[in-house]
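A.B. asks: Here's a sequence, model it:
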Amino acid sequence: MLCNNIDDDCDGTIDEGRVNGCIDMMACNYNPVATCDDASCNYCSCVDTDNDGLNNCEEASNGTDPNDSDSDNDGLSDGDEVNNTGANPLDSDSDNDGLSDGEEVNTQGTDPLDSDSDDDGLSDGDEVNSLNTDPLDNDSDDDGLNDGEEVNTQGTNPLDADSDDDGLSDGDEVNSVGTDPLDIDSDNDGLSDGEEVNTQGTDPLYSDTDDDGLSDGDEVNSLNTDPLDLDSDDDGLNDGDEVLVQNTNPNDPDSDNDGLNDGDEVFSSFTDPLLQDSDGDG
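C.D. replies: Numbering: from 1, shown residues only. Sure thing, here's the model as predicted:
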């Protein structure tokens, strides 16, 4: 049959009985009922030379190598990248995060199309290759600070919940208490921040919580006075005056055991709080 768009037998029908299609039996899309070739024959759609899940026509369309199942050598077949993960079969690291697409999919479980799978401010590659943090957990040490904030802002250790070992988590120090997560004693009073918050109840940002003239650390570690009470023995003299001025005992209201408390001797009778007989008259 002639397929020339002409009514050759003058019966009023052009190319009567015509069926368009590929009439080459060697083609992938050979149509046995076709009578007229329509130039649609292809010889690649039914062939996957490298068995990667892409036929040779798709490889040509994607620019991949039909003789190499993993054109970018990233550990994923071209077919997996095109048909399943959506990664670029010609780029071994589609999201440029420092991990190959294959490592992301097969080993780390991260997203090969998202450079920061856990949205913590650190690339998956940095987490795996440099920091050893979990690229799927935005707070690897569960301290209340995400890994990116620890590394990029605070300078704390994203793998240690208490970077300065003061008994407070980095997150509590930054988000709640306001102390320095890299300084065990933020107010330099001789008590760690954790002891101040968890044990003494003192202010870890103020070295003399009760304003008695003595540091919280001196009161707790040396004098055994109450760092929350400016007059630990309730004698009318604050602890600082007793220790630094009068030399009286801040834990004994009557340092000289004369029957008068130290405060009364200093402020009322004007006697010596360290002498039982201030005038020496016996």
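A.B. asks: contacts and neighbour counts: CA atoms only from here.
C.D. replies: Fine.
A.B. asks: Show the contacting residues for the closest residue to N157 other than its chain neighbours.
C.D. replies: Residue nearest to N157 in three dimensions, not counting chain neighbours: S163, with 5.7 Å by Cα to Cα, 6 or more residues apart in numbering. By Cα atoms under 8 Å, 6 or more residues apart in numbering, the contact list for S163 reads 156-157, 169-170, 181-182.
A.B. asks: So which of those residues wins on neighbours?
C.D. replies: Greatest neighbour count in the contacts of S163, by other Cα atoms under 10 Å, goes to D170: 31 neighbours.
A.B. asks: what pLDDT does the closest residue to D91 other than its chain neighbours get?
C.D. replies: If you skip the residues right next to it in sequence, D91 has D72 as its closest partner in space, 5.7 Å away by Cα to Cα, 6+ apart. Here the pLDDT value assigned to D72 is 98.
A.B. asks: Over to the one 5 residues further on?
C.D. replies: S77 is assigned 98 on the pLDDT scale.
A.B. asks: Same check on D8?
C.D. replies: pLDDT, D8: 58.
A.B. asks: quick one, what contacts the spatially closest residue to S40 that is not a sequence neighbour?
C.D. replies: Taking Cα to Cα, 6+ apart as the measure, S40 lies nearest to C22, with 5.7 Å between them; neighbours along the chain are not counted. For C22, the residues meeting the contact criterion (Cα under 8 Å, 6+ apart) are 29-31, 34, 36-41.
A.B. asks: Make JSON lines out of those residues and add neighbour count and distance to N83.
C.D. replies: As requested, the contacts of C22 are arranged in JSON lines below (neighbours: other Cα atoms under 10 Å; distance: Cα to Cα, whole Å):
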{"residue": "N29", "neighbour count": "18", "distance to N83": "22"}
{"residue": "Y30", "neighbour count": "18", "distance to N83": "26"}
{"residue": "N31", "neighbour count": "17", "distance to N83": "28"}
{"residue": "A34", "neighbour count": "16", "distance to N83": "32"}
{"residue": "C36", "neighbour count": "18", "distance to N83": "35"}
{"residue": "D37", "neighbour count": "17", "distance to N83": "32"}
{"residue": "D38", "neighbour count": "13", "distance to N83": "30"}
{"residue": "A39", "neighbour count": "11", "distance to N83": "28"}
{"residue": "S40", "neighbour count": "13", "distance to N83": "25"}
{"residue": "C41", "neighbour count": "18", "distance to N83": "25"}
